[in-house]
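Visitor: my questions are about this predicted structure, shown below with the sequence.
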Amino acid sequence: MQGNRLRAGVQRGEVQIGTWITMVRNPEILMLLKSAGLDYARIDMEHTAMSIETVGAMAAMARALDFPIVVRPPVANREWITRLLDVGVWNLHCPQVETAKQAAEIVAASRYAPRGLRGTGGLSAATNYGTGGTPAERRAFANREVFVTVMLETAGAFDHLDEIAAMDGIDALTLGPADLAQDLGVFGAPEQARVIDAKRDQVIAAARRHGKAAAMLVFSPEQLDQWRKAGVLLLAYSSDVDMLHGGYSAAMTRIRG
């Protein structure tokens, strides 16, 4: 059974650099990103028109390439978690987690018994349609390979930071910088970067205390280096939209003078 390259890299303490996919729906984008030297792609279903069919095709390509995808579902509930895992997604990026109860529900939905109550879908892309090993062995393997990151996006979520970070089955912590800034009342204000960076430090410290990984979104090589030096292992550099827009804008500025 094919393992989860992203989880394996994190467990070795190796920095994984990816990017957000928010517009491109052609699974071939994963071939391009792998060729460009990235380690993974993070697909956004919360703020885009990405469908479950598109993500299923992306997951199949990801497994064929051994190039991991991480998926942010529209809602981190049992319905979406079950469907994403069953179409072959290993890595979940769960939005708007505010309480330990929510985190526990995510763990339960993403792991088979005895660690959780993940539903059984039978032969599927989740096992590459393989039948090797016993059902119990396949379940235990899936429980080991699934990787769950939770997003703290409100001030209230930080009241439960340590409780969430300590939970077995939560593998990594991050924050949603824009939504958190909005909730804190600093979105667009001069102090936004300072306030959010302080929250990033809290997330990293909690991850370190509880033996979990931290994930961060960055928009420049300098910012990436800053958080890599702080111990962040999962870094998402920009997005397909920002890279395309920036590249074409720069070219047009030069062409048109």
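Guide: Noted; the coordinates are in hand. Just so it is clear, the model here is predicted, and its values are computed rather than measured.
Visitor: buried set for the helix-or-strand element of the chain with minimal mean pLDDT?
Guide: Lowest on mean pLDDT, DSSP states H and E among the helices and strands of the chain sits helix 135-145, with a mean of 93. For helix 135-145, the neighbour count (16 or more other CB atoms under 10 Å) marks 138, 139, 141, 142, 143, 145 as buried. No exception for glycine: its C-beta is placed from N, CA and C like everyone else's.
Visitor: so the fifth one versus residue 16, what's the distance?
Guide: Read that as residue 143. 21 Å (CB to CB, to the nearest Å).
Visitor: what's the answer for the third one, then?
Guide: Computed with CB to CB, the distance linking residue 141 and residue 16 is 21 Å.
Visitor: quick one: the strands in this protein, in order.
Guide: For the chain, the strands defined by DSSP state E cover 16-21, 40-44, 69-72, 91-94, 147-152, 172-175, 213-218, 234-239.
Visitor: redo those as JSON lines? Include mean pLDDT.
Guide: Output for the strands of the chain, formatted as JSON lines (pLDDT from 0 to 100):
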{"stretch": "strand 16-21", "mean pLDDT": "98"}
{"stretch": "strand 40-44", "mean pLDDT": "98"}
{"stretch": "strand 69-72", "mean pLDDT": "98"}
{"stretch": "strand 91-94", "mean pLDDT": "98"}
{"stretch": "strand 147-152", "mean pLDDT": "98"}
{"stretch": "strand 172-175", "mean pLDDT": "98"}
{"stretch": "strand 213-218", "mean pLDDT": "98"}
{"stretch": "strand 234-239", "mean pLDDT": "98"}
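Visitor: can I get those strands in a markdown table with distance to residue 158?
Guide: Output for the strands of the chain, formatted as a markdown table (distance: least, CB to CB, whole Å):
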| stretch | distance to residue 158 |
| --- | --- |
| strand 16-21 | 23 |
| strand 40-44 | 23 |
| strand 69-72 | 20 |
| strand 91-94 | 16 |
| strand 147-152 | 6 |
| strand 172-175 | 9 |
| strand 213-218 | 14 |
| strand 234-239 | 19 |
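Visitor: give me the number of residues near residue 96?
Guide: Per other CB atoms under 10 Å, the neighbour tally for residue 96 reads 16.
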